[in-house]
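Asks: Provided below for reference: sequence and predicted model.
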Amino acid sequence: MSDDLEPITPREAVECYVAHREPELSEKTLQNHNYRLNSFVEWCEKVGLENLNDLSGRDLHRYRVWRQQDINLVTLRGQLATIRVFLEFCASIDAVESGMRERVKLPEVDRDEDARDELLEPEQAEKILGYLERYKRASREHVLVAILWHTGIRLGSLRAIDLEDYEPDGQCFWLRHRPGTGTPLKNQEPAERAIALDDYYCGVLDEYIRFHRHDITDDHGRQPLVTSDQGRLSSSQIRSEVYRLTQPCMIGDCPHDRDPMDCEARKYGHYSECPSSLSPHTIRRGAITHQLREGVPERIVSDRCDVSPEGLEHHYDRRTDRAKMEQRRDFIEDL
């Protein structure tokens with residue numbers, strides 16, 4: 001340990017780092033950094049590392065071995081990458097030796113392994129929307145799934161929409177970056193855009209607003225489009241609803257031989273424990289893949305869903321190479 005270092009606990013160092021990054025990171029990204037670093041703090045407390053000055057390359061190896069027991073390789077790489085950035089900051093405040101970040105070895109991740117394959121397939125989406133159309137038309141649940149599937153937008157974009165952002169006559173709604181009042185967009189101002197809707201989805205929204213939307217404002221005096229009786233839905237509330245609505249037993253039999261009446265995953269707070277439930281991001285991935293399969297040009301999908309062409313190919317496009325070839329053939333034959 002260098003004599004130039006100043007003693008500091010791991011937890012104090014994380015608090016300093018978070019405060020330092022707060023002005024430049026989105027709320028969601030900052031939460032992710034905090035979560036990843038809390039695991040590191042937990043390990044330090046577990047092994048009795050009270051002064052970050054004492055951190056060594058061997059300690060970092062031990063942390064990696066401890067952490068990789070509970071998470072997959074892709075997640076591990078992301079968490080270690082955050083540790084690297086954190087240690088670079090720590091070196092700047094004399095909390096660890098200079099160059100400590102280089103002692104964090106990132107695992108090699110295959111390109112295909114880094115791209116998740118789970119997605120909502122069109123057939124399942126149609127069944128879920130059919131059920132909601134028949135039994136809960138224009139309900140909040142119907143609106144959540146319908147918008148996510150039809151548009152392919154992110155969860156954070158959905159909760160950011162205000163009542164005034166919806167234009168029934170123009171058949172669209174606007175996505176606006178409003179970080180000062182709690183609804184930032186992931187890619188900030190460049191992600192602001194209008195999203196076109198068709199007659200059916202406008203009809204669902206119109207009915208929801210007229211009959212089921214809570215006429216309420218949020219803590220910032222804004223009127224959210226999708227509401228609870230308390231105000232704007234939180235990200236966790238939307239995520240929980242999606243987990244519940246994508247459980248197979250909502251629309252059919254349980255594929256896991258469970259009795260829905262006794263299943264723990266049917267209880268509030270446990271919806272994600274169903275092996276077949278899906279997250280909002282799998283709806284986004286499924287919606288994007290569906291648009292591409294239907295022949296929507298990649299540039300249109302990229303603009304509509306706010307994803308770069310590279311990100312589209314790497315993270316979202318789940319068409320097979322043969323399917324892509326056949327779609328190209330259709331275009332060529334029409335020339």
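Replies: It's in.
Asks: nearest residue to Ser235 other than its sequence neighbours?
Replies: Spatial nearest neighbour of Ser235, excluding adjacent residues (C-beta to C-beta, 6 or more residues apart in numbering): Leu155 at 5.8 Å. Glycine gets a C-beta too; all of them are placed from N, C-alpha and C.
Asks: wait, that neighbour sits on Tyr243?
Replies: No - between Leu155 and Tyr243 there is no contact under C-beta atoms under 8 Å: 11.9 Å.
Asks: Quick one: low-confidence residue ranges for the protein.
Replies: Low-confidence segments of the chain, defined by pLDDT under 70, are located at 1-3, 109-117, 318, 320, 326-335.
Asks: Domain ranges for it, per the record?
Replies: In terms of domains, the chain is parsed into 10-114, 122-286 (source: automatic domain parsing).
Asks: coming back round to it: give the phi and psi angles for the residue nearest to Ser235, as a check.
Replies: phi -60, psi -50 (degrees, to the nearest 10).
Asks: residues in contact with it?
Replies: Neighbour list for Leu155: 148, 235, 238-239, 280-281 [criterion: C-beta atoms under 8 Å, 6 or more residues apart in numbering].
Asks: Over to the closest residue to Asn51 other than its chain neighbours: give its phi and psi.
Replies: Distances taken as C-beta to C-beta, 6+ apart place Pro7 nearest to Asn51, at 5.0 Å, with adjacent residues excluded. Pro7 has phi and psi values of phi -60, psi 140 when expressed as degrees, to the nearest 10.
Asks: same thing with Pro224?
Replies: Dihedral angles (degrees, to the nearest 10) for Pro224: phi -70, psi 150.
Asks: What's opposite it in the beta bridge?
Replies: Beta-bridge partners for Pro224, by DSSP bridges, are Asp162.
Asks: Who are the contact partners of it?
Replies: Counted by C-beta under 8 Å, 6+ apart, Pro224 has contacts 159, 161-163, 216, 218, 231-233.
Asks: Switch the domains of the chain over to a markdown table; also include distance to His315.
Replies: Output for the domains of the chain, formatted as a markdown table (distance: least, C-beta to C-beta, whole Å):
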| stretch | distance to His315 |
| --- | --- |
| domain 10-114 | 8 |
| domain 122-286 | 7 |
